[in-house]
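A.B. asks: below is the structure, and that's it, no one-letter string:
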Ligand code: MN3
């Protein structure tokens with residue numbers, strides 16, 4: 001088996017009260033594990049692809065054999081997206097972005113609040129299941145976007161540095177239908193140091 005569930009960098013209850021322990025546990029042990037298991041299952045049909053890094057498979061979806069393209073997109077996307085998601089959150093996170101990413105957010109959006117407002121609107125208007133993203137585009141510029149389902153920004157020529165999972169499985173136990181409350185709470189757990197590290201890894 002090639003892919004394994006990466007270890008969670010904190011305890012299930014670390015992000016309470018913003019994200020509850022039960023949601024974290026199910027999200028990580030059931031949903032993320034499911035993407036990993038099904039990604040491995042798909043790759044069994046094309047072992048020649050097992051040597052390629054996942055980000056490369058997601059960046060070149062159109063070259064993936066027909067019979068597993070959708071599985072790579074959904075399950076591979078799910079694995080990639082959640083692997084990023086866990087790391088851009090932390091206990092006692094939140095606050096203002098620091099470093100280069102903080103500077104460039106202000107440069108591009110004017111104020112942190114203006115950035116947050118645009119990101120929130122993007123997350124709120126994802127219809128059904130999907131993600132809101134902050135990525136680096138081909139020109140090296142920060143861009144806010146969304147993807148449906150488990151589509152990765154990598155498949156759209158973007159390099160994601162921060163993402164918010166707005167599938168109901170990410171919030172329904174605690175917030176039920178109140179996605180805006182979940183989105184607002186999430187800003188309290190962002191690990192800006194990790195976002196900065198992701199950003200620098202793509203622009204330097
Ligand atoms: Mn999820």
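C.D. replies: Alright, I've got the coordinates. As the structure is a computational prediction, the values presented were derived from the model and not from experiment. Numbers count the residues shown, from 1 in each chain.
A.B. asks: so residue 146 touches residue 128, yeah?
C.D. replies: No - using Cβ atoms under 8 Å, residue 146 is not in contact with residue 128; the gap is 11.1 Å. Glycine gets a C-beta too; all of them are placed from N, C-alpha and C.
A.B. asks: who's more crowded, the two?
C.D. replies: residue 146 (21 against 9; other Cβ atoms under 10 Å).
A.B. asks: that one in helix, strand or coil?
C.D. replies: Of the three states, residue 146 takes strand under DSSP: H, G, I helix; E, B strand; the rest coil.
A.B. asks: tell me who's in contact with it.
C.D. replies: Listed by Cβ atoms under 8 Å, 6 or more residues apart in numbering, the contact set of residue 146 reads 122, 123, 125, 126, 130, 131, 132, 133.
A.B. asks: among these, which are in reach of the ion?
C.D. replies: With Cβ under 5 Å from the ion as the criterion, the subset of those in contact with the ion is empty.
A.B. asks: among those, which are located in helices?
C.D. replies: Secondary structure of the contacts of residue 146 is defined by DSSP state H; positions in helices are 122, 123.
A.B. asks: which parts of the chain sit against the ion?
C.D. replies: Contact residues, the chain versus the ion (Cβ under 5 Å from the ion): 165, 167, 170.
A.B. asks: got JSON lines for those residues, with neighbour count, distance to residue 186 and secondary structure too?
C.D. replies: Supplementary listing: these in JSON lines, determined by neighbours: other Cβ atoms under 10 Å; distance: Cβ to Cβ, whole Å; DSSP: H, G, I helix; E, B strand; the rest coil:
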{"residue": "165", "neighbour count": "24", "distance to residue 186": "9", "secondary structure": "strand"}
{"residue": "167", "neighbour count": "18", "distance to residue 186": "13", "secondary structure": "coil"}
{"residue": "170", "neighbour count": "24", "distance to residue 186": "9", "secondary structure": "helix"}
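A.B. asks: quick one: contacts for the residue of the chain found nearest the ion?
C.D. replies: Going by Cβ to the ion, the ion is nearest to residue 165 of the chain, at 4.2 Å. Contacts of residue 165 were listed using Cβ under 8 Å, 6+ apart, and they are 27, 81, 82, 85, 131.
A.B. asks: from these, which ones fall inside helices?
C.D. replies: For the contacts of residue 165, secondary structure assignment (DSSP H) places 81, 82, 85 in helices.
A.B. asks: which ones are touching the second one?
C.D. replies: Residue 82 sits next to 27, 28, 31, 32, 35, 165 when contact means Cβ under 8 Å, 6+ apart.
A.B. asks: tell me where the model's unsure across this protein.
C.D. replies: Along the chain, segments meeting pLDDT under 70 span 1.
A.B. asks: domains of it?
C.D. replies: Segmentation of the chain into domains, based on automatic domain parsing, reads 21-87, 99-203.
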